[in-house]
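>>> Sequence first, predicted coordinates after that:
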Amino acid sequence: MTFQLFRYNTKTITSLVVLIYLATGFVFAQNNSSWTIDSDNQRKFDYYFYDALSAKAQGNYAEAFDLFKHCYALDSTKANVLSELSGFYNVLQENSKAAAFLEKALEKDPHNYYYNMMMGSFYRDLDQKQEAIDIYNRMLEQYPENIDVYMALAEAYNDNGDLEKAIEVLDGLEQVVGVRESITINKFRLYSMLNRKDEAFDEIESIVDKNPDNIDYTLMLGNLYMQDNQLEKALEQYRKVEVVDANYPALVLSMVNYYEKSGKPDMALEEIKGALINPMFEIDIKLQLLTRYITMLQSNKTDTTIANPLFGTLFEQHPNNAQLNFLYGSVLMLQENETEAMEQFEIYALAEPENPAGWENMLRIALPDSLEKVIWITENALKHIPDAYQFYFYLGGAKYQLEQYEEALVVFEDGLEIMEDANPLVKSDFYAQIGDLNYHLGEKRLAYKKYEEALKLNPQNLGVLNNYSYFLSLDDESLDKAEQMSSITVKAEPT
């Protein structure tokens, strides 16, 4: 089903036309019912249109949207404006309106490549499968060598469950551009969905045969065999790659997967260990393998301390890689070795001071007992990440516990200032701390005011309800209110 434009009766249209004419000064053509924009409004249109494009390019989307709508009011026949508005309505998820505007654009410019491609995409999103197929078929007649059109048509047939048709389209594309990996992979997938495995693997084998020196294709064939549980055939392909390059990183990953799938976890671990101490491998690959290694040790319930000597070797090979320190710190935490873990996280934090992860992991170790260390961590973190409100909270909390009330109050107030769009529950907790501190400093009225602010943001903030009710009772004020708040706390935490 295609989108239908609204139909109005003749009387309504006449009234609208008169109003438009009076309002904007449009000049109607003499030979039919269409109209053309006069020169004055054309100048206005051009001005607003280029302003809209400029606003869009600068990321001022709301302004651009308004300007495009103004252009549409001046001249509703311009395909470029219609397509722009379609794009905005699409982003706003007003799909029907987006499609209607794009259909109007296509009426004005039916052979526009981009409009047609967008329309096909709309049809697919709206589950109008046959309409998508039809538009891509028309485009294929117009652009018989365009790869994107072929691929879009194949995907549309796939959406419609016409897998044979999708394969035919990809066969046609191969006639145009030759055998390519992306086409072959898609044909493999389609044949597999049809449960025609022999033809599926024939596709991959053909690209391997045509590129015998490309070990990526050989490895890909092995991986696909493994996914299909044809482990012997997978290993055969991996051995071919091994002959060419035994240190190929992707081969190591495939062999690890192979050993795991074959029920040989010890061999998988040995494969990883060999790669980790190999100086030929890049550190990024080693980090990936090391993470996998630790995970496998945990899965096998093996003592993770056997990995520690590997870290020593890696530090010698890559002495200035902070990610390695972070990973080692995480492993040491698993081993409950907090002292050495703190050292590793500190190295990471000083090397990557704008990444909160290092500072946060140090806090996990320092809390709740090492308050002076918490202060050092958070103050240093805030030097590099001044908008990270979590560090204000922990810094203020540490100073509060050390009875440095005035300093703690300043910290919480500073943190609150940078929390414009923060979670209201978090802001409520900041107001709660500010309320408590003001009470300790003898500013009872201000404390009560801050508690009220906290409860506006989170009426179920139990800490506030508890402290506020306690202090009101202590001061013999608003006892009914205090009792009401206290009862909420008791119900929430009856023990």
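Yes, it's here.

>>> what's near enough to touch Y439?
By CB atoms under 8 Å, 6 or more residues apart in numbering, the contact list for Y439 reads 447, 467, 471. (Each C-beta comes from the backbone N, C-alpha and C, glycine too.)

>>> no wait, L441
By CB under 8 Å, 6+ apart, the contact set of L441 is 405-406, 409.

>>> Out of those residues, which is nearest to Q323?
Closest approach to Q323 among those (CB to CB): L409, at 38.2 Å.

>>> List the buried residues of the host helix or strand of the closest one.
Using DSSP states H and E, L409 sits within helix 405-417. Of the residues in helix 405-417, 405, 408-409, 411-413, 415-416 count as buried by neighbour count, 16 or more other CB atoms under 10 Å.

>>> Could you list every helix and strand in contact with it?
helix 389-401, helix 424-440 (3 or more CB pairs under 8 Å, 6 or more residues apart in numbering; DSSP states H and E).

>>> hang on, the earlier thing: secondary structure and neighbour count for the contacts of Y439 - can I get that in JSON lines?
Listed next are the contacts of Y439 as JSON lines, based on DSSP: H, G, I helix; E, B strand; the rest coil; neighbours: other CB atoms under 10 Å:
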{"residue": "A447", "secondary structure": "helix", "neighbour count": "21"}
{"residue": "N467", "secondary structure": "helix", "neighbour count": "20"}
{"residue": "F471", "secondary structure": "helix", "neighbour count": "18"}
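
>>> Tell me the one of the contacts of L441 nearest Y248?
Nearest to Y248, judged by CB to CB, of the contacts of L441 is L409 at 60.2 Å.

>>> wait, what's in contact with the residue nearest to that closest one when sequence neighbours are not counted?
In space, and not counting its chain neighbours, L409 is closest to L437: 4.4 Å by CB to CB, 6 or more residues apart in numbering. Contact partners of L437, counting by CB under 8 Å, 6+ apart, are 400, 405, 408-409, 412, 447.

>>> Please name whichever of these scores lowest on pLDDT.
Among the contacts of L437, A447 has the lowest pLDDT, at 93.

>>> Show me the helices in the stretch 151-300 of the chain, by range?
Along the stretch 151-300 of the chain, the segments classed as helices by DSSP state H, counting those that start in this stretch run 163-177, 181-193, 197-210, 215-227, 231-244, 249-261, 265-276, 283-299.

>>> and stretch 300-315, which residues are buried?
Across stretch 300-315, burial judged by 16+ other CB under 10 Å covers 307, 310-311, 314.

>>> Now do that stretch: distance from first to last residue.
Stretch 300-315 stretches 26 Å from its first residue to its last (CA to CA, to the nearest Å).

>>> and for it, what are the contacting residues?
With CB under 8 Å, 6+ apart as the test, stretch 300-315 has contacts from 265, 273, 276-277, 283, 286, 290, 293-294, 297-298, 324, 328, 331, 334-335.

>>> coming back round to it: reformat the helices and strands packed on helix 405-417 as JSON lines; add distance to R138.
Shown next, in JSON lines, are the helices and strands packed on helix 405-417 (distance: least, CB to CB, whole Å):
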{"stretch": "helix 389-401", "distance to R138": "55"}
{"stretch": "helix 424-440", "distance to R138": "52"}
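
>>> sorry, back to before: the helices of the stretch 151-300 of the chain into JSON lines, with extra columns for distance to M485 and mean pLDDT?
Converted to JSON lines, the helices of the stretch 151-300 of the chain look like this (distance: least, CB to CB, whole Å; pLDDT from 0 to 100):
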{"stretch": "helix 163-177", "distance to M485": "65", "mean pLDDT": "93"}
{"stretch": "helix 181-193", "distance to M485": "61", "mean pLDDT": "89"}
{"stretch": "helix 197-210", "distance to M485": "67", "mean pLDDT": "89"}
{"stretch": "helix 215-227", "distance to M485": "60", "mean pLDDT": "92"}
{"stretch": "helix 231-244", "distance to M485": "66", "mean pLDDT": "95"}
{"stretch": "helix 249-261", "distance to M485": "56", "mean pLDDT": "92"}
{"stretch": "helix 265-276", "distance to M485": "57", "mean pLDDT": "90"}
{"stretch": "helix 283-299", "distance to M485": "46", "mean pLDDT": "90"}
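
>>> Which residue would you name as the spatial centre of this structure?
Centroid-nearest residue in the chain, with CA atoms, centre = their mean: V91, separated by 16.4 Å.

>>> measure the nearest residue to that residue once chain neighbours are set aside to A55 for me?
Taking CB to CB, 6+ apart, and ignoring the residues beside it in sequence, V91 has Y61 as its nearest neighbour in space, at 7.9 Å. Distance of Y61 to A55, computed by CB to CB, to the nearest Å: 8 Å.

>>> So between these two, which is more surrounded?
Under the criterion of other CB atoms under 10 Å, the comparison of Y61 against A55 puts A55 first, with 18 against 12.

>>> does that one count as helix, strand or coil?
helix (DSSP: H, G, I helix; E, B strand; the rest coil).

>>> I figured it was touching F68, is that so?
No. With contact defined as CB atoms under 8 Å, A55 does not count as touching F68 (9.2 Å).

>>> Can you report phi and psi for L194?
Here is the backbone geometry of L194 (degrees, to the nearest 10): phi -80, psi 0.

>>> one step back: what sits in contact with each of Y61 and A55?
Common neighbours of Y61 and A55, using CB under 8 Å, 6+ apart, do not exist here.

>>> For stretch 368-385, which outside residues touch it?
For stretch 368-385, the external contacting residues (CB under 8 Å, 6+ apart) are 349, 353-354, 356, 359, 362-363, 366-367, 388, 391-392, 394-395, 397-399, 401-402.

>>> same thing but 7 Å
Here stretch 368-385 makes contact (CB atoms under 7 Å, 6 or more residues apart in numbering) with 353-354, 356, 359, 362-363, 366-367, 388, 391, 394-395, 398-399, 401-402.

>>> next one: stretch 88-108
Contact partners of stretch 88-108, identified using CB under 7 Å, 6+ apart, comprise 3, 5, 65, 68, 77, 79, 82-83, 85-86, 115-116, 118-119, 122, 125-126.

>>> ok, now stretch 486-495?
Contact with stretch 486-495 is made by 462, 465-466, 469, as judged by CB under 7 Å, 6+ apart.

>>> same thing but at 8 Å, please
Stretch 486-495 is contacted by residues 460, 462, 465-466, 469-470, 473 when judged by CB under 8 Å, 6+ apart.

>>> quick revisit: do you know how far the residue nearest to L409 is from E407?
Applying CB to CB, one obtains 10 Å for the distance of L437 from E407.

>>> Repeat that for L350.
Using CB to CB, we find L350 at a distance of 25 Å from E407.

>>> Then N320?
Using CB to CB, we find N320 at a distance of 37 Å from E407.

>>> Just give me the neighbour total for the closest residue to G329 other than its chain neighbours.
Among residues not flanking G329 along the chain, Q344 sits closest, at 3.4 Å (CB to CB, 6+ apart). Using other CB under 10 Å, Q344 is surrounded by 25 other residues.

>>> Tell me which other helices or strands whatever helix or strand Q344 lives in touches.
Q344 belongs to helix 338-351 when elements are defined using DSSP H and E. Counting contacts by 3+ CB pairs under 8 Å, 6+ apart, helix 338-351 packs against helix 322-334, helix 356-366.
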